[in-house]
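**Q** the sequence and its predicted three-dimensional model are supplied below.
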Amino acid sequence: MSRDTLFLLEHEFADPALGGERVFYCKDCMTIEGLLAAFPDRAASIDVVRVPWPRPRAAVVAAIGEANQNLPALVWEGGFVNEIEALLATLAERNGFPERHP
């Protein structure tokens, strides 16, 4: 059985559309980074790939297609999720992370 792959944006990046000089982070990716850091035993079961901000994001396109470059994204054999609430629920279901409290 293949391992799940989690695609995240690099921790900080510049956005050329906003002048390219300011530095940003992705709120949803940082939420997932915190979850990985808090539960390293569970995180160890997932392959994590950090990709640069600009599109096309070649590794993501290769895994789930050009139309699905929104990150973070969790990919497994036969499926993927790239919307934060669904991703958090899937990490709990597939990888044993605690559930997010409503």
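**A** That came in fine, so what should we check first?
**Q** need the residue closest to the centroid of the protein.
**A** P72 (2.6 Å; Cα atoms, centre = their mean).
**Q** three-state assignment of T31?
**A** Recorded secondary structure, T31: helix (DSSP: H, G, I helix; E, B strand; the rest coil).
**Q** can you start the count at 59 instead of 1 from here on
**A** Right, with 59 as the first residue, what we last looked at is T89.
**Q** ok, it - how many residues close by?
**A** Using other Cβ atoms under 10 Å, T89 has 15 other residues around it. No exception for glycine: its C-beta is placed from N, CA and C like everyone else's.
**Q** same check, this time on P74
**A** P74 has 10 nearby residues by other Cβ under 10 Å.
**Q** and for the residue nearest to it when sequence neighbours are not counted, the neighbour number?
**A** Excluding the flanking residues, the one nearest P74 by Cβ to Cβ, 6 or more residues apart in numbering is P112, at 7.4 Å. Using other Cβ under 10 Å, P112 has 11 neighbouring residues.
**Q** for the one 5 residues further on, same thing?
**A** Look at A117: counted by other Cβ under 10 Å, it has 14 neighbours.
**Q** likewise the one 4 residues further on?
**A** As a burial measure, the neighbour count of A121 was computed by other Cβ under 10 Å and equals 15.
**Q** thinking again about what came up before, list the contacts of the residue nearest to the centre of the chain.
**A** 64-67, 84, 86-87, 90, 140, 142, 145 (Cβ atoms under 8 Å, 6 or more residues apart in numbering).
**Q** most neighbours among these, which one is it?
**A** F65 (26 neighbours).
**Q** spit out the contact partners of that residue.
**A** If you count contacts by Cβ under 8 Å, 6+ apart, then F65 has 107-109, 115, 117-118, 121, 129-133 around it.
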